[in-house]
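A.B. asks: only geometry, no sequence info:
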């Protein structure tokens, strides 16, 4: 009986990898919600990784196992198990390297406010006032993302507003509302793998030498964001500067 369990090491590892891949594909195709796909992906890597690694090692080192289980299959199961756990560990380490917050802005004292996003059915029941998350979000952000500051441009406010809109379009953001009078616009952007949709608001105001642009990016799902929102603001800042 035990040898039959050990012999399942490779099929179990392959099945886990297949489930993880299917979860990614299903989320990307919007067959399942992003959070569901992400959860299944993580559980498949963890459960399948541990099982295939342990059973694969048993098939190699357990006395008498070689008579019932192919050593090559056992070694492949170990490789699959280690690879699955290494990938999961990398994701966990990436998540733990940044604070568990998901509402990031260039101006924590006076952040841009959401209007269109608050009316979106996808945000029903969510309080989008700042911070959209733990009360200590401003402090945690300032400690982790000290480089995120208001963006200053020498261009006048109207020109800066148009450049900000053009930059958002270049980055693939979907602008859902814009107001040239208040020089604000809101947009949506989604992550590349599981396609989590995040909300963004950009505000342009006169500055001492031109204009000041503030950006706020917040996730609709989860507690932490693995640094995605901060990276989005950095990409916007870089793209806007390059224009």
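C.D. replies: Happy to help now that I have it. Quantities reported herein were computed from a predicted structural model and do not represent experimental measurements.

A.B. asks: top helix in this protein by residue count?
C.D. replies: Secondary structure of the chain per DSSP state H: the longest helix is helix 34-61.

A.B. asks: list the beta-bridge partners for the residue nearest to residue 182 when sequence neighbours are not counted.
C.D. replies: Taking C-beta to C-beta, 6 or more residues apart in numbering as the measure, residue 182 lies nearest to residue 203, with 7.8 Å between them; neighbours along the chain are not counted. Glycine gets a C-beta too; all of them are placed from N, C-alpha and C. Applying DSSP bridges to residue 203 yields these beta-bridge partners: residue 184, residue 214.

A.B. asks: got the contact list for residue 115?
C.D. replies: When the contact criterion is C-beta atoms under 8 Å, 6 or more residues apart in numbering, the partners of residue 115 are 177, 186, 201.

A.B. asks: distance of it relative to residue 129?
C.D. replies: For residue 115, the distance to residue 129 equals 12 Å [C-beta to C-beta, to the nearest Å].

A.B. asks: which parts of stretch 85-105 are buried?
C.D. replies: When neighbours are counted by 16 or more other C-beta atoms under 10 Å, the buried residues of stretch 85-105 are found to be 85, 87, 88, 98, 99, 101, 102, 103, 104, 105.

A.B. asks: circling back: what pLDDT, on average, does the helix or strand following the longest helix of the chain get?
C.D. replies: Counting by DSSP states H and E, the next helix or strand C-terminal to helix 34-61 is helix 71-96. The predicted model gives helix 71-96 an average pLDDT of 92.

A.B. asks: any weak-confidence spans in this protein?
C.D. replies: Applying pLDDT under 70 to the chain flags residues 1, 3, 5, 63-69.

A.B. asks: go again with 50.
C.D. replies: Counting by pLDDT under 50, the chain shows no low-confidence range.

A.B. asks: that older thread, which of the contacts of residue 115 has the most neighbours?
C.D. replies: With neighbours set by other C-beta atoms under 10 Å, the maximum within the contacts of residue 115 is found at residue 186, which has 26 neighbours.

A.B. asks: of the buried residues of stretch 85-105, closest to residue 40?
C.D. replies: Taking C-beta to C-beta as the measure, residue 40 lies nearest residue 88 of these, at 12.8 Å.

A.B. asks: what's the spacing between the closest residue to that closest one other than its chain neighbours and residue 110?
C.D. replies: If you skip the residues right next to it in sequence, residue 88 has residue 45 as its closest partner in space, 4.3 Å away by C-beta to C-beta, 6+ apart. For residue 45, the distance to residue 110 under the criterion C-beta to C-beta works out to 42 Å.

A.B. asks: these two: who's more crowded?
C.D. replies: More neighbours surround residue 45 than the other of residue 45 and residue 110, with 24 against 12 (other C-beta under 10 Å).

A.B. asks: so that one sits right up against residue 83, yeah?
C.D. replies: No. Counting by C-beta atoms under 8 Å, residue 45 stays clear of residue 83, with 9.2 Å between them.

A.B. asks: so what's residue 197 closest to, chain neighbours aside?
C.D. replies: Excluding its sequence neighbours, the residue lying closest to residue 197 (C-beta to C-beta, 6+ apart) is residue 190, at 4.9 Å.

A.B. asks: before we move on, back to that, how close does the residue nearest to residue 88 sit to residue 80?
C.D. replies: For residue 45, the distance to residue 80 under the criterion C-beta to C-beta works out to 10 Å.

A.B. asks: residues shared between the contacts of those two?
C.D. replies: With contacts defined as C-beta under 8 Å, 6+ apart, the residues adjacent to both residue 45 and residue 80 are residue 16.

A.B. asks: what's the closest non-adjacent residue to residue 51?
C.D. replies: Counting by C-beta to C-beta, 6+ apart, the residue nearest residue 51 is residue 12, at 5.1 Å.

A.B. asks: where's the one you found, which helix or strand?
C.D. replies: Assessed by DSSP H and E, residue 12 sits inside helix 9-28.
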